[in-house]
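S.K.: Here you go, sequence then predicted model.
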Amino acid sequence: MLDFVYYPVSGILWIWHTIFGSVLGPDNGITWALAVVFLVFTLRLALYRPFVRQIRTQLTMKKLQPEIKALQKKYQGDRAKQASEMQKLQKEHGFNPLLGCLPLLAQAPVFIGLLHVLRSFNRTATGFGQLGMSAQDNANTPNYFFGVDDVQSFLDARLFGAPISAAISSSRDTLDSFAPFGGVPTIVTIALVAIPLMVMASVATHFNARASIARQDDVARSNPQTAMMNRLLLWVFPVGVLVGGPVLPIAVLLYWVSNNIWTYAQQHLVYRRIDEEDARAAEEARASKPEVRVTAPKPGAKPKRRR
């Protein structure tokens, strides 16, 4: 049903696996880890311009707050007129609220697609084992852009001893399915790899939220709804990553960590660039104004201004 998502995600993952596999070897866990990380980088690079528009949209919304509040107060009893004037104001300033959601909306199907493709490598993890398909049978089944050899390579791959498709919560049957492919891993081995990734993802989520909140003005922070959302972003969401992390495969945790690290770096880069552009624009505006010189008047005479 979502093949239009699964095939592109699988295709990009296949390209990066082929590139890194030619250097490190196709069965190497680092090869698969880098393929996942660069899948993130490819997506985020494609979404760079929408991300910049998202930031500019947020800054425009921030500048328009006084006018928006004035409109809300003026048309308090007429919601239709209020909405009409709000749309007119947004149009005048080139404000498009959909641009603020585009990067997030685009990332969601990729996350779902990656999760599905990775689980499809080892179908016993998704319940196909109940249909009589053994791990060996699964190893002889292609997976979207990946052929049979690629599937076997994925099942053989280990990252510091842990299969990258395994999760801390993996069942005994799922772990036993890795027996023909490098042996049966233990939960401890998986946890030693997954827990540091969970902590890194949680910390990165916290600092991303902190960076966003730092750009808010005092008026926004004093708003009760904004303050509650800030607390959720700062503390609840990072804790949620720790709570939900055990059910995610190691490869998905790699996606989460690299996505958050990219977001943190990109957010600082874009904000710094916008601040520099605003500073240059302000300097050019000051320089374009004609200089006004005031000469000292003679005793008893009014001062004269010269341009």
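M.R.: Looks like it came in fine.

S.K.: contacts and neighbour counts: CA atoms only from here.
M.R.: Will do.

S.K.: quick one, what contacts Pro246?
M.R.: The neighbours of Pro246, taking CA atoms under 8 Å, 6 or more residues apart in numbering as the test, are 167-169, 194.

S.K.: one more time with 7 Å, if that's ok
M.R.: In this structure, Pro246 makes contact with 167-169, judged by CA atoms under 7 Å, 6 or more residues apart in numbering.

S.K.: Got a PyMOL select line for the buried ones in those?
M.R.: Buried members of the contacts of Pro246 can be picked out in PyMOL with the line below, counting by 16 or more other CA atoms under 10 Å:
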select buried, resi 167+168
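
S.K.: Name the nearest of the contacts of Pro246 relative to Thr186.
M.R.: Ile168 (9.2 Å; CA to CA).

S.K.: rewinding a little: make a markdown table out of the contacts of Pro246 and add secondary structure and distance to Ala46.
M.R.: What follows is the contacts of Pro246, written out as a markdown table (DSSP: H, G, I helix; E, B strand; the rest coil; distance: CA to CA, whole Å):
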| residue | secondary structure | distance to Ala46 |
| --- | --- | --- |
| Ala167 | coil | 29 |
| Ile168 | coil | 32 |
| Ser169 | coil | 33 |
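
S.K.: Any idea how many residues pack against Leu115?
M.R.: If you count neighbours by other CA atoms under 10 Å, Leu115 ends up with 19.

S.K.: Output the contacting helices and strands for the helix or strand hosting it.
M.R.: Element membership of Leu115 [criterion: DSSP states H and E] is helix 102-121. In terms of contact count using 3 or more CA pairs under 7 Å, 6 or more residues apart in numbering; DSSP states H and E, helix 102-121 is assigned the packing partners helix 3-24, helix 48-74.

S.K.: Out of the ones you listed, which is closest to Leu175?
M.R.: Proximity to Leu175, assessed across the helices and strands packed on helix 102-121 by CA to CA, is greatest for helix 3-24 (23.9 Å).

S.K.: what angle separates that closest one from helix 102-121?
M.R.: Inter-element angle recorded for helix 3-24 and helix 102-121: 70 degrees (by axes from the mean of the first three to the mean of the last three CA atoms, to 10 degrees).

S.K.: ranking the helices and strands packed on helix 102-121 by burial, who's on top?
M.R.: Counting by mean count of other CA atoms under 10 Å, helix 3-24 has the highest mean neighbour count of those, with a mean of 18.

S.K.: Pull the residues that contact that one.
M.R.: Taking contacts as CA under 7 Å, 6+ apart, the residues outside helix 3-24 that touch it are 31-32, 35-36, 38-39, 109-110, 113-114, 117, 144-146.

S.K.: Go through the residues you listed and give me the one with the most neighbours.
M.R.: Among the contacts of helix 3-24, Trp32 has the most neighbours (other CA under 10 Å), with 28 neighbours.

S.K.: follow-up on the earlier one: adding distance to Phe207 and pLDDT, write the contacts of helix 3-24 out as JSON lines.
M.R.: Output for those, formatted as JSON lines (distance: CA to CA, whole Å; pLDDT from 0 to 100):
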{"residue": "Thr31", "distance to Phe207": "28", "pLDDT": "95"}
{"residue": "Trp32", "distance to Phe207": "27", "pLDDT": "94"}
{"residue": "Ala35", "distance to Phe207": "25", "pLDDT": "95"}
{"residue": "Val36", "distance to Phe207": "22", "pLDDT": "92"}
{"residue": "Phe38", "distance to Phe207": "22", "pLDDT": "95"}
{"residue": "Leu39", "distance to Phe207": "23", "pLDDT": "92"}
{"residue": "Pro109", "distance to Phe207": "24", "pLDDT": "83"}
{"residue": "Val110", "distance to Phe207": "23", "pLDDT": "79"}
{"residue": "Gly113", "distance to Phe207": "26", "pLDDT": "84"}
{"residue": "Leu114", "distance to Phe207": "25", "pLDDT": "80"}
{"residue": "Val117", "distance to Phe207": "29", "pLDDT": "84"}
{"residue": "Tyr144", "distance to Phe207": "36", "pLDDT": "88"}
{"residue": "Phe145", "distance to Phe207": "36", "pLDDT": "89"}
{"residue": "Phe146", "distance to Phe207": "36", "pLDDT": "90"}
